[in-house]
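Participant: Next comes the sequence, and after it the predicted model I'd like to discuss.
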Amino acid sequence: MRIAYLVCSLNPGGVATLLKHVIPVLREKGNEIDIIVTTEKGIMAAPLEASGVTVHECLSHWHYDFKASYTLGKWFRKSAIISFIPRLALLLKSLKVDLVHSHIHGLYCTSQLLAARLSGIPYILTMHSISSNYQKKLINKMVFCNLLRDGDSVCMVSKSVHEAYPYFTKKISKNLVFPPYGVPNGVIDSGPIDPNISLKVRKELGVSHECGVIGSIGRVVHSKHYDQILTVLARLIKAGKPTHFILVGDGPELENLKTLAQQLGVSEYCSFTGHMTNPEYWINAFDIYLFPTAFEGFPIAILEAMMKGIPLVCSNVSGNKDIIINRKNGLLFEFGDVDAMYNHTLTLMDDKVLAETLSRNSRNDFLDKYHINKFADTCVEIYKQRVRRKSQV
């Protein structure tokens, strides 16, 4: 089977990470994979291309490097959408794919679906997050829902995402995969924490052996609220708890975080690695995973921590609460409650029995529900069903 994945870009983020994990497994099962990006290739494209996956560009906005007024430049960029539908349809037909699986569910999903209709290819849309902008576009939603056919599907990655789109859940119930919500994400199992790698990472970052390590992985954007972790770190240091914070990731808020660390007097207790192609290596050094995010769809970051069996302290928000059961496989706190996050972290540092219980349970939950093989098998079964339905039409 030949599958085309449609994404905005292959810059660091949940979708790009998910594809990095699942594509090798799908190819091992005999499937051919193409990736189509609509804004830019991104820095995670090169490793995929090196492995033999072709990444195509079909831009929904033109790029330009000539001098122009803001109005003219904006018009030029957006003019690409006029030809986006036929360009995408022609690309899909030329690739001779059996189906297209889109991971873009914003304002352009109707355009993608139209292109799939023109090319006669089954269309699958995975809704990864909650887009308030898209929910306001009633005409877009109505057109999209009426264009869906029996061979098309919409996957909701979590109960939270499913509940955020009541219009969809009623209007397209026959197209939803595994109602009431769809296919959770998955990651490759690189095994539980390796003590030798943990020591190696600590040595590379200059973290002393007596320090507890709190850490997080992800795009460094405002909605992740990593600044709250720095506040927790400062309080732990003040309380006499030797602690080091490792943040693996890059983004527009990184420099602001470094400045805040200096202001709080904790710079020497922080390691900001920037973007890393192998986050599963650095995570071996974590003792506790902190995740104070404002919202999520179904966070890959949490699955990576569970895969390693790292005790989790997470905000009780969409996505997180679909995975974490408080005091079973992690600890939850209300979003923005830094005191609660601090107290949970302190508890796990002092209560080794609880930390080990959460670690064991999260690792077992990962193996049972979120292993990449399970995710890939589910995807393949859905793909086969949709291709079969098309052939029967």
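Facilitator: Here it is on my side, so go on.
Participant: Which helix runs longest in this structure?
Facilitator: As assigned by DSSP state H, the longest helix anywhere in the chain is helix 372-392.
Participant: Please give the element, helix or strand, for M349.
Facilitator: helix 338-350 (DSSP states H and E).
Participant: Find the residue closest to N256 in space, skipping its chain neighbours.
Facilitator: Leaving out its chain neighbours, the residue that sits closest to N256 by C-beta to C-beta, 6 or more residues apart in numbering is D227, at 7.8 Å. Every C-beta, even on glycine, is put in place using the N, C-alpha and C of the backbone.
Participant: tell me the contacts of that neighbour?
Facilitator: N256, L257, L260 (C-beta atoms under 8 Å, 6 or more residues apart in numbering).
Participant: ok, back up a step: residues in contact with the helix holding M349?
Facilitator: Outside helix 338-350, the residues that reach it (C-beta under 8 Å, 6+ apart) are 212, 214, 228-229, 231-232, 235-236, 239, 241, 287-288, 290, 292, 311, 313, 315, 331, 333-334, 354-355, 358.
Participant: if you set the cut-off to 7 Å instead, what comes out?
Facilitator: Outside helix 338-350, the residues within contact range by C-beta atoms under 7 Å, 6 or more residues apart in numbering are 212, 214, 228, 231-232, 235-236, 241, 288, 290, 292, 311, 313, 331, 333-334, 354-355.
Participant: Identify those among those residues that sit within helices.
Facilitator: Short answer: these in helices (DSSP H) are Q228, T231, V232, R235, L236, L354, A355.
Participant: And those, which two are furthest apart?
Facilitator: Put simply, by C-beta to C-beta the two of those set farthest apart are T231 and L354, 22.9 Å from each other.
Participant: So between those two, which is more surrounded?
Facilitator: Neighbour count, other C-beta atoms under 10 Å: between T231 and L354, T231 has more, with 18 against 14.
Participant: could you measure the closest residue to the more buried one other than its chain neighbours against L348, distance?
Facilitator: Sequence neighbours aside, V338 is the residue nearest to T231 in space, at 5.3 Å (criterion: C-beta to C-beta, 6+ apart). Between V338 and L348 the computed distance is 16 Å (C-beta to C-beta, to the nearest Å).
Participant: Which one's more surrounded, those two?
Facilitator: Higher neighbour count among V338 and L348: L348, with 23 against 16, using other C-beta under 10 Å.
Participant: Once you drop chain neighbours, what's closest to that one?
Facilitator: That would be A355: by C-beta to C-beta, 6+ apart, it lies 4.7 Å from L348.
Participant: Check H275 too.
Facilitator: Nearest to H275 is D250, by C-beta to C-beta, 6+ apart, at 4.1 Å.
Participant: burial count for that neighbour?
Facilitator: Around D250 there are 18 residues (other C-beta under 10 Å).
Participant: What are the phi and psi values at it?
Facilitator: phi -140, psi 160 (degrees, to the nearest 10).
Participant: quick one, what contacts it?
Facilitator: D250 neighbours (C-beta under 7 Å, 6+ apart): P12, V220, G274, H275.
Participant: What about the second one, how many residues nearby?
Facilitator: This points to V220. The number of residues near V220, taken as other C-beta under 10 Å, comes to 22.
Participant: Make TSV out of the contacts of D227 and add distance to G30.
Facilitator: Shown next, in TSV, are the contacts of D227 (distance: C-beta to C-beta, whole Å):
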residue	distance to G30
N256	47
L257	44
L260	49
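Participant: are any of those buried, and which?
Facilitator: Buried members of these, counted by 16 or more other C-beta atoms under 10 Å: L257, L260.
Participant: Take the contacts of D227 and keep only those in helices.
Facilitator: N256, L257, L260.
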